[in-house]
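Trainee: Give me the fold of what follows.
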Amino acid sequence: MNFKVDPELCVTSLTCVRVCPADAFAVQGDKVRILDDRCTRCGICLPACPHEAIVAQGDADRARDLLATGQATLILSVESAAFFYPSTPEQVVNACYEAGFRSVYRGVLGDELVAREYLKLWGDTGWGTMIRSTCPVIVATVRKDYPELVPYLAPVATPIAAEGRYLKAMYGEDTPIVYAGVCLTEGGADVDAAITFAELKELLRKRRVTIEDQPLHFSRIPEERRRHWSTAGGLPLEVLMQERHASRRFRKVRGLESLKAIARAVGVDRIELGFVDILPCEGCLDHPLLGPREELFRRRQIVGATEPPRASYPVIEDQVARRVQVETAFEIPRDGHEPPADVVEEVLAAIGTAPNGRPWDCGACGFDTCRGFAVAAAEGRTTLKSCPPYLDRMATQALSQAAEDALTGLGTFRVLRDRLANEVARSKRSTESFAVLFVDLDNFKQVNDKFGHEAGNEVLRQAARELHGVIRTTDFAARYGGDEFVVVLVRTGLEGARGVAEKARARVEAIGRALGYPTGLVTVSIGVAEFSPANSEREDVLVAADRALYRAKAAGRNQVATGDQ
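Mentor: Here you go, the predicted model:
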């Protein structure tokens, strides 16, 4: 079975990313997808998605082809009673036979085979810690995230895999096996096709078989489905009867998050935990494919009401069971799947830290921590475009770049217009004047033509530095464009502004000599204008300063001229 994200329904809320214990989601902009090789098929993401954008897909096409042969055997898990309710189990089994299945089993034989194997292990007291491994989600999570626990997994196959082997031993190795249930990773290579209950219902519909029209009694003598010494999932009933409560030899644990504590207890504290019955949820009846958790009690009641009495004798045939290998081995995965540490650190550096110096860990990207996000980004499962703190940082830098001239470090023309508008409004409120200097390098084209553009850039940088050096922190200097600058002097009259302009003119002339240029080549002409709230209806103060600049140039350059407003 695979889980897929429907792009038509997905709105990239990232809820699925937050709840996934396997980090199996990849986020690229507004696209979310599931990585099959990382997904453990736990199904937690299904009910978490508020838009029902995640769907489970089994081998429906393969099952249809196998059914068409007339030789397929169906393993129908007991949870089907809850899914197909109010149709009875008898009606569901009758419909499966009518659709063309050769035989229908209810998963009990696999439970009995696994339970018998567990009873053998239970009789041996020397194992210290043994983790029940019949849940494929637990096995996949252990192998992926807690490889140190692999040696503690009970060497027992899943019930469906065991039943698949049993049926092939009974009917022949070429017998096609189809499994219909909720945990569709159980059968592995021993099952030829695994489908969901919804896909089984659709398969029956395509075969023109209606479950509700089937008789309420078995129309064909059913295959054996009574239990003897097991419970659903292959746990021996005898173990539960002996160990009704948690003890040193038996522990019942629920939830994938418990694996971290188990790994610490076994690997760090060296504690022998005994038999650990761990499942990701409250059993298959609690699987998301069966519906919301609020209906778990209802589903249990339905399945419990349809469970027949237990058999007095074993329901598996020893002669067949001897040819079935229930034991299994779990290979310890090799290390080396983690991304390079330096790449992860580069991503963390790009994200930056919060104002308190700590990682943001805001969770807005879908990952619990910035480090978890950085690992995913280093593995190519997401990008920095999904990190809000990074985007805010880039936006701030973009605004800063837009507000600051890259060459001179002064403000830009856009910021100048905003600052002038603010100063005009402030001046009208406070009735205080302010002044504007319009500055132009006199022979800048000659500098570029004779000494090169890099020399011209250096003159611009030095001139900007000198302008910045003669103004106060409350004032503002901007590059107007090319070789022109504008300075806004707050709470300054015309005479005061003229004094500042003279200082700026003299300092620029001095840097020309300091840089080794001929006398009179590097100079500035400056136009000065004052904005007075009393005369605010006259021309724009920047236009007035520009007119004054032209008067300074007409007077022979390297001059300061004033204008009125």
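Trainee: Where is the longest helix in this structure?
Mentor: In the chain, with assignment by DSSP state H, the single longest helix is helix 494-514.
Trainee: what about the strands in the stretch 401-550 of the chain?
Mentor: Secondary structure of the stretch 401-550 of the chain (DSSP state E, counting those that start in this stretch): strands at 434-441, 476-481, 484-489, 524-531.
Trainee: Quick check: closest non-adjacent residue to Phe101.
Mentor: Distance criterion CB to CB, 6 or more residues apart in numbering; nearest residue to Phe101, sequence neighbours excluded, is Leu74 at 4.5 Å. In short, each C-beta sits where N, CA and C put it, glycine included.
Trainee: Would you confirm that the one you found belongs to a strand?
Mentor: Yes: using DSSP: H, G, I helix; E, B strand; the rest coil, the assignment for Leu74 is a strand.
Trainee: which strand residues sit across from it in the sheet?
Mentor: With DSSP bridges as the criterion, Leu74 is bridged to Val104, Val178.
Trainee: Hmm, it is touching Val178, no?
Mentor: Yes: the criterion here is CB atoms under 8 Å, and Leu74 meets it with Val178 at 5.1 Å.
Trainee: now stretch 64-84, how far from the centre of its chain.
Mentor: Relative to the centre of its chain, stretch 64-84 is centred 36 Å away, using CA atoms, centre = their mean, to the nearest Å.
Trainee: One more: stretch 320-339?
Mentor: Here stretch 320-339 is found 30 Å from its chain centre; the criterion is CA atoms, centre = their mean.
Trainee: Next: stretch 384-401.
Mentor: Distance of stretch 384-401 from the chain centroid (CA atoms, centre = their mean) equals 19 Å.
Trainee: Let me see the mean pLDDT of it.
Mentor: Averaged across stretch 384-401, pLDDT comes to 80.
Trainee: Just the CA atoms of that stretch, as CSV, please.
Mentor: Output in CSV follows, covering the C-alpha atoms of stretch 384-401 (Å, rounded to 0.1, in the frame of the first residue of the first chain):
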residue,chain,number,x,y,z
LEU,A,384,14.3,27.3,2.3
LYS,A,385,11.3,28.7,0.6
SER,A,386,9.2,26.8,3.1
CYS,A,387,10.8,28.5,6.1
PRO,A,388,9.0,31.7,7.2
PRO,A,389,11.9,33.1,9.3
TYR,A,390,14.2,32.7,6.3
LEU,A,391,11.7,34.4,4.0
ASP,A,392,11.3,37.2,6.5
ARG,A,393,15.0,37.6,6.7
MET,A,394,15.3,37.7,2.9
ALA,A,395,12.5,40.2,2.7
THR,A,396,14.2,42.4,5.3
GLN,A,397,17.5,42.2,3.4
ALA,A,398,15.6,43.0,0.1
LEU,A,399,14.1,46.0,1.7
SER,A,400,17.4,47.1,3.1
GLN,A,401,19.0,46.7,-0.3
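Trainee: which of the residues in that stretch are buried?
Mentor: 384, 386-387, 389-390 (16 or more other CB atoms under 10 Å).
Trainee: now, among those, which is nearest to Ser427?
Mentor: Relative to Ser427, the closest of these is Pro389; by CB to CB it sits at 39.0 Å.
Trainee: does that closest one really touch Pro355, like I thought?
Mentor: No: the criterion here is CB under 8 Å, and Pro389 misses it with Pro355 at 10.8 Å.
Trainee: Apart from its chain neighbours, what residue comes closest to Gly267?
Mentor: Using CB to CB, 6+ apart and skipping the chain neighbours, the partner closest in space to Gly267 is Glu148 (4.9 Å).
Trainee: swap in Arg381?
Mentor: Arg381 sits nearest to Ala26 (CB to CB, 6+ apart), 4.1 Å away.
Trainee: a strand runs through Ser133, doesn't it?
Mentor: No: going by three-state DSSP, the assignment for Ser133 is coil, not a strand.
Trainee: Excluding covalently adjacent residues, which one is nearest to it?
Mentor: Leaving aside its chain neighbours, Ser133 sits nearest to Leu153 (4.3 Å; criterion: CB to CB, 6+ apart).
Trainee: returning to that earlier point: now the residue nearest to Phe101: how far from Val114?
Mentor: For Leu74, the distance to Val114 equals 19 Å [CB to CB, to the nearest Å].
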